[in-house]
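Q: here are the coordinates; sequence isn't available:
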């Protein structure tokens, strides 16, 4: 499927744009390709864009004071990624985003999103529901961290990303779950 | 300040409603008072409303498989609280909300919010930015859990809720930070 069709089907899940409105909506997006391992946002960067994944897989991650890496999110096709704190508040990135595989995205600047939302009520509706779902996902992620039952977290991960095991190295799955590679192996065999 | 004026000033931070539009917006909210300790949402409940705090303090919390309580959020005046996963997805509550002090709120049902957003573009703009900020706050909360530096988390808490120490018992602050009461005491004296 074409990038444009993928975005169109995604937007149609939440909002009703006419074909003409969608053409206008789409005109603000920029197609970009990144190579495996390429860094899109690095800690300390100014952040101006959010990224809608067409193909491939991104990870957004955080490195803590003890240099331990935590994965906030894997972004597969039709997921969005950015450092939203930095993007919305015009601050420097505290989260990094890079490519687990070769990845194609549609990028949208902050200014263009706000312009679309001001001009098209349905675009604002779309982005409200997009963020509502992101908010709920972030809260579930937080609950999964609070829940000391690693097995539950692992099963939730499989529900959320059924194709993940074919794409993502096991050490990154361990970093997402906040467990060691050995603990993951035990779960994996269970 | 009147409940209506508090909501009006809050909405005006994100959106420009005329006085007439705000009157209409406000007409969907219902004023409710709760006593200290009263439960507003209990795990397993159907969830139909979100709550805008006028006075007092709510906590939203989660009890994990080991019966340990984690506090997701304190909601003080001009904060919103609900189980948004249950509210948006029409599922049973997994998060509970109760009152740390006597609390006055304005409640809004899911249907009324959606109706307001459909009828008033500016209302949709308001709720989009309200949720954008909630999303960023949830992500910061997640990062603070990933960061093993408890001192940083404690200092962030003080920045976020400067008045908290006068309102909330120390054991609840420990439950928010995910540390024992003893660890909190050491930080408190530092």
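A: Cool, got the structure. Note that the structure is a prediction, hence the values are computed from the model and not measured. Residues are numbered from 1 along each chain as shown, chains lettered A, B, ... in the order given.
Q: what strands line up against the helix or strand harbouring residue A:97, and which way round?
A: Applying DSSP states H and E as the criterion places residue A:97 in strand A:96-99. Using DSSP bridges, strand A:96-99 pairs in its sheet with strand A:39-41 (antiparallel), strand A:58-63 (antiparallel).
Q: residue numbers of chain A in contact with chain B?
A: Neighbours of chain B within chain A, by C-beta under 8 Å from any C-beta of the partner chain: A:62, A:64-66, A:68, A:70, A:72, A:84-85, A:88-89, A:94-95, A:117-118, A:121, A:124-125, A:127-128, A:131-136, A:138-143, A:145-149, A:152, A:178. Yep, even glycine has a C-beta here, placed from its N, CA and C like the rest.
Q: pull out the buried members of those residues.
A: A:62, A:70, A:72, A:84-85, A:88, A:94-95, A:117, A:121, A:124-125, A:127-128, A:131-136, A:138-139, A:141-143, A:145-147, A:178 (16 or more other C-beta atoms under 10 Å in any protein chain shown).
Q: what about residue A:54, distance to residue A:6?
A: The gap separating residue A:54 from residue A:6 is 6 Å, by C-beta to C-beta, to the nearest Å.
Q: what is the neighbour count of the nearest residue to residue A:48 once chain neighbours are set aside?
A: Leaving out its chain neighbours, the residue that sits closest to residue A:48 by C-beta to C-beta, 6 or more residues apart in numbering or on different chains is residue A:109, at 5.5 Å. Neighbour count of residue A:109, defined by other C-beta atoms under 10 Å in any protein chain shown: 15.
Q: residues in contact with residue A:109?
A: Contacts for residue A:109 (C-beta atoms under 8 Å, 6 or more residues apart in numbering or on different chains) come out as A:28, A:48-49.
Q: pLDDT of stretch A:39-57, averaged?
A: Across stretch A:39-57, the average pLDDT comes to 97.
Q: measure that stretch end to end?
A: Start-to-end span of stretch A:39-57 (C-alpha to C-alpha, to the nearest Å) is 12 Å.
Q: likewise stretch A:83-103?
A: Stretch A:83-103 end-to-end distance (C-alpha to C-alpha) = 18 Å.
Q: residues touching the residue lying closest to residue A:126 once chain neighbours are set aside, list them.
A: For residue A:126, ignoring the flanking residues on the chain, the nearest one in space by C-beta to C-beta, 6+ apart is residue A:15 at 3.8 Å. Applying C-beta under 8 Å, 6+ apart to residue A:15 gives the contacts A:122-123, A:125-126, A:129.
Q: out of these, which comes closest to chain B?
A: Set against chain B, the nearest of the contacts of residue A:15 by C-beta to the nearest C-beta is residue A:125 (5.9 Å).
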